[in-house]
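S.K.: A predicted structure for the sequence below; I have some questions about it.
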Protein chains: 2
Amino acid sequence: MKKILFSICLLGTVSGLRAEDGHQLWLRPHASVPVKVVGPAKSSALLATARQELQQGWQGTAGATVTLKLTKDKAIKYDGFRLNAQGVQANTERGLLYGAFGLLRRQQTGQAVAEEISNPSYEYRLLNHWDNPDGSVERGYAGQSIFWRKDSSFVVTGHDRALWQQYARANASVGLNGAVINNVNSSPLMLSAAYLARTKAIAGALRPYGVRVYLAVKFSSPALLGGLKTSDPLDPAVIKWWHAKVKEVYQQIPDFGGFVVKASSEGQPGPQDYGRTHADGANLLADALRPYGGLVMWRAFVYSPSDKDRAKQAYNEFVPLDGKFLDNVIIQVKNGPIDFQPREPFSPLFGALKKTAVMPEFQITQEYLGQAIDLVFLAPMWQECLRSDTHQAGPGSTVARCTDGSVYAQKHSAMAGVSNVGLDTNWTGHDFAQANWYAFGRLAWNNQLDSRQIADEWLKLTFGTAAQLAAADWDAHFLAPMTQLLLASREAAVNYSMPLGLHHIMSATHGHYGPGPWWGPPGMRADWTPPYYHQAAANGVGFDRTTAGSNAVSQYHEPLAAEFNNPATCPDEYLLWFHHLPWDFKMKSGRTLWDELALHYDHGVRQVRQFQQTWDAARPYVDAERFAVVQNKLRTQSGNAVLWKDACLLYFQQFSHLPIPAEVEPPMHTLEGVIANDAPPLRRPAGQP
Amino acid sequence: MKKILFSICLLGTVSGLRAEDGHQLWLRPHASVPVKVVGPAKSSALLATARQELQQGWQGTAGATVTLKLTKDKAIKYDGFRLNAQGVQANTERGLLYGAFGLLRRQQTGQAVAEEISNPSYEYRLLNHWDNPDGSVERGYAGQSIFWRKDSSFVVTGHDRALWQQYARANASVGLNGAVINNVNSSPLMLSAAYLARTKAIAGALRPYGVRVYLAVKFSSPALLGGLKTSDPLDPAVIKWWHAKVKEVYQQIPDFGGFVVKASSEGQPGPQDYGRTHADGANLLADALRPYGGLVMWRAFVYSPSDKDRAKQAYNEFVPLDGKFLDNVIIQVKNGPIDFQPREPFSPLFGALKKTAVMPEFQITQEYLGQAIDLVFLAPMWQECLRSDTHQAGPGSTVARCTDGSVYAQKHSAMAGVSNVGLDTNWTGHDFAQANWYAFGRLAWNNQLDSRQIADEWLKLTFGTAAQLAAADWDAHFLAPMTQLLLASREAAVNYSMPLGLHHIMSATHGHYGPGPWWGPPGMRADWTPPYYHQAAANGVGFDRTTAGSNAVSQYHEPLAAEFNNPATCPDEYLLWFHHLPWDFKMKSGRTLWDELALHYDHGVRQVRQFQQTWDAARPYVDAERFAVVQNKLRTQSGNAVLWKDACLLYFQQFSHLPIPAEVEPPMHTLEGVIANDAPPLRRPAGQP
């Protein structure tokens, strides 16, 4: 009888799921089951956190005892942990916290807890926040900064601290241990006393969750903030200024993580302003940080307007410096050689720097992938990069293995993701953008993890209830189709925006949302305009990076260079990245390039429509609030996918002079109309900025 | 050998068709073939016109002789004509001109010329131009007025005269013999000396083509223009003023046609302002016009904001006056009881006025049917109305027969169409809107003509060349699919905008273009807002005009009243016009009303996409200029069809709370977004106003 009542109760729950605003992320509260947590004798904030998490999230046997044990186990790396029937063992307190979260995740997602060791792939797993001191967020689509604000920036409120702790908890739950809390386009003010005071408060809120703070610094701070005549990295006064400043920072924040630097890039000052190298600049800061265990993450995102192929420059500048960096410098390299495009081949710097630590930088915030409108799960994109074989140290020297210490001896290893977090109630603007925060953390912990597992975990944690997970229909009617949707979503976005190796053809009128193959205001530097990248003309389309062209292809190790160099062997995905080909080029499919392009755009549109139907069918399994918001966003994405398709096909058709294939849905925009509408903001869901 | 050369030449013509701007309409010049025209001894402008048309358009045997002969043949009615091997016979000079055009049309469309009599269905076949004295055109989508302009209105230029003659020639070619050259929302200035002088000049330009001018007059002209204290139709001074004014008009224009009056309607003054009836008002003017053979066309388009069902009012006001109008008054009745909606049942006034002449008023300009953007061929809509059986005088008393004198004895018969002509080079804005001007003329001449024949003629005349018409592929690859497109286009427009009897649910923000089921600014009179018409609520949708509702259904003669009154027998096309039905009402298809509604909207969208593909396939048969313009308009129509579908389904879904069926393409707009975008102008092709 009790069982029957329980079932009825469950039915009620399923048909009237509790309203959710997304603020709980993948850490939604569960009915508590009593557990006894036995921990080390010493007490600490981190240990208290681990204990508290276990007690409020335990889903195992009621009344069980869990032991948290600090050990010295050589099989455990960094902040890794060992799970077994008794509990968690780790070499560090952070390891115990991660073990606690790992245990709970296994319980909540229905995975068995077996004896196992879980070690992180990277020592440092960081979010980069492109947050400005005025509270705005560059490429942020989820509201203002959670760290900074224009008014009363220096008054730390109870609400601030609570939010920062929630943020840190989310990071800790997926193993992230660092946060760069300001924009890489940095203000010198960040190193002033007032800002350091707020940074200290932030560090204090993050510390109980094992998240250290880092700052992005402006290379010209000695002159701008310190009043020196120069910021030349070899100038004794400059060196002295940085040493004093670093000391000041560590007096405030003893576990401060280090600096991120965007130097000599896109107008940011750097060592080249003084005739010095990136190594001179990075080593100056690394030398100052080294006594405190601090790191320098020096970004390789450099290119000049005069170069004939922007894709080549980072490699050209950094490879000659290989081996010249101090061992607490890590070169931070974006996944692709251009800039976080929907699809790029991996950056040729991965594996090419053999005596220098290199870390991947991914973009979690969806600058080029639909911002807070489009549902795009990024794990497959990052997985594609991490699993790319650079061949730089023989077959199997993947990007993952070239950066995590498996291939090259590097003192430190790290991975960074540009955060999508803001003050929006659900943190990330789009409810599904939470999945990208989650996925980044999981991949930084385990760079071999499969996207499918990440999607499965996140869906269960974010939408499942214990009752649903136990019910027969949930897997088939919600989990399976939604996993498929997540896994297909990035390819759909590539299809409807930049298929077949096209890149950087968005309009900048709307901050990189929406199509703009025509975009290029008068006087704009060429390498910021789409025509530079797509090179569409009567004779074909694509950027010739072959040996006959810019020769960027030769930055890749054989056999890749040869494979990419030949249009017959170059993967379709990268075809127009490496080749300028005639419109009637015969593709592997047997179709012409033009037809294949059109079909890819069309397929992308149809995929989004399929996502809409999948989501509509998921309605019974989702609370009404999140259902409606996501449904509306999918609708807008659907319309904008059509806009991409129509705009790009009609634009390119001006050069191809070929008909749109009959299988493709006829355009519902005119090229003239789309270009004319490129000035006012595109259609966005009501309430969106 | 000669034959081979000719074929090569033809191929060249087909692949590189001469650029056309549409200004020639369906009267494109043809290679001339010599002909000898023998005419009556007397010379006149009309006869000269007929002779000239034959000489410049002859496609028959070279050197043939054609005789134009005035006769007194009782088998010939009005300006009808008899064709035979010798030429044309008619009782009037106009008849000879129409016969000449008829002969040429048969030649140019490949019809055999057999002995036949062609009589017009209506004595008066008129265009109503809603042109204002300032040159603007109410509900005009083809530029400013060809008759009036703001600056130098009274200077008649050579260009004016030439344009008016081209206009009159186009009218004459389809048998139209009258033009009301100003808006029914009339200015009293139209009867002032200055405006009458310009009217005289217009009449002079139209006369050689047999087109008489008419004016729309403001009922309060005696007070506003004449300075009288009243415009009371029974006031002796008023009567005197009108008689004097009419005399003045006829002194200027001896063949002046008469007056159109919109009185006591939408703010226009009328006899009811003085406690008089429509008959009092109409008869006042008719009495003044009668000595000169002038007509009064008195519009029945009246409704008041206080009436519970706007659809009923015209009937209620005019039926009691039946028999009280002078015999040179014709009551001008719009096809439907509301206002030129995409689909309405016929107005119940047709057939109900048995002792009063009644004329149909159709709207050629596409106010509610896509303006100058959407391709909608209106002949099927007019045919639907004309063939509707009113049953007022037994079975077979169709609207056509009740208005053309077949059923009731009426001294005069007429049909009027609200013109879509403006200063645009192609006259009508959309190249295909020319077909509606053409179709109206043809139906006014022969109200039994089938839409398919009209489409066939117009396509041949407007797009065909002699070479194409002779070629094997043209019929199959151009004429047949394009005829299908034209014939389907109106039903498509109904489907994507107002299916199943929905009506008046457009937004007025954009001048009646685009969806607006929500539309209704604060303070707006209810019967100007869509919610008044669709009555959507949780309990269903539609306007209850049954005997249990407004009882408008009882204005129809049995068996129609009973058929319409029962949702089981009411045709789907009129279902929500007559009924308020629950969302889950079981339709004849077996589907629910909600699903059927959704499928109709979706089908409309898919139809437009099919039109796009048909047009794309027609490319080899159309000159590049017209092809590109129409292709772009179809694209915009396609997008706007999706907008209609999404907006209406999402709006109604708020009440139905039912899911959009899986077969229906998921929305690519959000309701919030669509409503928010209802303020700025909708997407229109570049270059459109």
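M.R.: Perfect, thanks for sending it.
S.K.: so what pLDDT did the residue of the stretch 251-400 of chain A found nearest chain B get?
M.R.: Using CB to the nearest CB, the closest approach of the stretch 251-400 of chain A to chain B is made by A:Ile373 at 10.7 Å. All C-beta atoms are positioned from the backbone trio N, CA, C, and that covers glycine. According to the prediction, A:Ile373 has pLDDT 97.
S.K.: give me phi/psi at it?
M.R.: A:Ile373 has phi and psi values of phi -100, psi -50 when expressed as degrees, to the nearest 10.
S.K.: measure it to B:Trp130 for me?
M.R.: Applying CB to CB, to the nearest Å, one obtains 43 Å for the distance of A:Ile373 from B:Trp130.
S.K.: again, but for A:Phe543
M.R.: 56 Å.
S.K.: do A:Leu449 as well
M.R.: In this structure, A:Leu449 and B:Trp130 are 69 Å apart, going by CB to CB.
S.K.: again, but for A:Phe585
M.R.: A:Phe585 sits 55 Å away from B:Trp130, taking CB to CB as the criterion.
S.K.: between those two, point out the one with more neighbours.
M.R.: Taking A:Phe585 and B:Trp130 together and counting by other CB atoms under 10 Å in any protein chain shown, B:Trp130 has the greater number of neighbours (22 against 19).
S.K.: run through the residues that contact the more buried one.
M.R.: Contacts were defined as CB atoms under 8 Å, 6 or more residues apart in numbering or on different chains; by that measure B:Trp130 touches B:Val137, B:Glu138, B:Arg139, B:Gly140, B:Asn183, B:Val184, B:Asn185, B:Thr365, B:Val418, B:Ser419.
S.K.: tabulate the residues you listed (a markdown table), appending secondary structure and distance to chain A.
M.R.: Output for these, formatted as a markdown table (DSSP: H, G, I helix; E, B strand; the rest coil; distance: CB to the nearest CB, whole Å):
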| residue | secondary structure | distance to chain A |
| --- | --- | --- |
| B:Val137 | strand | 24 |
| B:Glu138 | coil | 26 |
| B:Arg139 | coil | 23 |
| B:Gly140 | coil | 22 |
| B:Asn183 | coil | 31 |
| B:Val184 | coil | 34 |
| B:Asn185 | coil | 32 |
| B:Thr365 | coil | 23 |
| B:Val418 | strand | 28 |
| B:Ser419 | coil | 27 |
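S.K.: list buried residues within these.
M.R.: The neighbour-count criterion (16 or more other CB atoms under 10 Å in any protein chain shown) marks B:Val137, B:Arg139, B:Gly140, B:Asn183, B:Val184, B:Thr365, B:Val418, B:Ser419 among the contacts of B:Trp130 as buried.
S.K.: excluding covalently adjacent residues, which one is nearest to the fourth one?
M.R.: Counting by CB to CB, 6 or more residues apart in numbering or on different chains, B:Trp130 is the residue found nearest to B:Asn183 once chain neighbours are left out, at 4.3 Å.
S.K.: how near is that neighbour to chain A?
M.R.: Between B:Trp130 and chain A the computed distance is 28 Å (CB to the nearest CB, to the nearest Å).
S.K.: ok, A:Leu54 - contacts?
M.R.: Taking CB under 8 Å, 6+ apart, we find A:Leu54 in contact with A:Val35, A:Val37, A:Val66, A:Ala100, A:Leu103, A:Leu104.
S.K.: cool, and A:Thr425?
M.R.: Counting by CB under 8 Å, 6+ apart, the residues that A:Thr425 touches are A:Asp21, A:Gly22, A:His23.
S.K.: and for A:Met498?
M.R.: Shown in contact with A:Met498 (CB under 8 Å, 6+ apart): A:Gln341, A:Pro342, A:Arg343, A:His504, A:Ile505.
S.K.: mind listing what the second one touches?
M.R.: If a contact means CB under 8 Å, 6+ apart, then A:Pro342 has A:Tyr368, A:Leu369, A:Met381, A:Arg490, A:Ala493, A:Val494, A:Ser497, A:Met498, A:His503 as its contacts.
S.K.: what does A:Leu228 give?
M.R.: Each residue near A:Leu228 by CB under 8 Å, 6+ apart is listed here: A:Pro222, A:Asp235, A:Ala237, A:Val238, A:Trp241.
S.K.: which among those residues end up buried?
M.R.: A:Pro222, A:Asp235, A:Val238, A:Trp241.
S.K.: element containing the last one?
M.R.: Meaning A:Trp241. Taking DSSP states H and E as the criterion, the element that holds A:Trp241 is helix A:236-252.
S.K.: quick one: average confidence on the helix or strand just after that helix?
M.R.: Per DSSP H and E, the first helix or strand lying C-terminal to helix A:236-252 is strand A:258-261. Summarised as a single mean, pLDDT over strand A:258-261 is 98.
S.K.: can I get the CA coordinates of the next helix or strand after strand A:258-261 in CSV?
M.R.: Scanning forward in sequence from strand A:258-261, with DSSP H and E defining helices and strands, the next element found is helix A:278-289. What follows is the C-alpha trace of helix A:278-289 in CSV, where atoms were taken according to Å, rounded to 0.1, in the frame of the first residue of the first chain:
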residue,chain,number,x,y,z
HIS,A,278,57.6,37.5,-25.6
ALA,A,279,60.2,35.4,-23.6
ASP,A,280,61.7,38.6,-22.1
GLY,A,281,58.3,39.8,-21.1
ALA,A,282,57.0,36.5,-19.7
ASN,A,283,60.2,35.8,-17.8
LEU,A,284,60.2,39.1,-16.1
LEU,A,285,56.8,38.3,-14.5
ALA,A,286,57.7,34.7,-13.9
ASP,A,287,60.8,35.7,-12.0
ALA,A,288,58.9,37.9,-9.8
LEU,A,289,56.2,35.3,-9.1
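S.K.: for helix A:278-289, packing partners?
M.R.: helix A:236-252, strand A:258-261, strand A:295-299, strand A:329-334 (3 or more CB pairs under 8 Å, 6 or more residues apart in numbering or on different chains; DSSP states H and E).
S.K.: could I get these as CSV with distance to chain B?
M.R.: Compiled in CSV, the helices and strands packed on helix A:278-289 are given as follows (distance: least, CB to the nearest CB, whole Å):
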stretch, distance to chain B
helix A:236-252, 47
strand A:258-261, 38
strand A:295-299, 38
strand A:329-334, 32
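S.K.: which one of the ones you listed lies closest to B:Arg82?
M.R.: Proximity of these to B:Arg82 was assessed by CB to CB; the nearest stretch is strand A:329-334, lying at 84.8 Å.
S.K.: name the strands paired with the closest one and say parallel or antiparallel.
M.R.: Strand A:329-334 has the following sheet partners, assigned by DSSP bridges: strand A:295-299 (parallel), strand A:357-363 (parallel).
S.K.: so for it, what's the average pLDDT?
M.R.: Averaging pLDDT along strand A:329-334 yields 98.
S.K.: can you tell me which two in the contacts of A:Pro342 are farthest apart?
M.R.: Greatest spatial distance among the contacts of A:Pro342 (CB to CB): A:Arg490 and A:His503, at 14.5 Å.
S.K.: neighbour count: those two, which is higher?
M.R.: Set side by side, A:Arg490 and A:His503 show more neighbours around A:His503, with 27 against 23, by other CB under 10 Å.
S.K.: how many other residues sit next to the residue of the stretch 151-300 of chain A with the smallest separation from chain B?
M.R.: Distance from chain B to each residue of the stretch 151-300 of chain A (CB to the nearest CB) is smallest for A:Leu163, at 28.3 Å. When neighbours are defined as other CB under 10 Å, A:Leu163 has 17 of them.
S.K.: which elements pack onto the longest helix along chain A?
M.R.: The residue-count maximum for a helix in chain A (DSSP state H) belongs to helix A:624-656. If contacts are counted by 3+ CB pairs under 8 Å, 6+ apart, helix A:624-656 sits against helix A:480-497, helix A:593-617, helix A:671-676.
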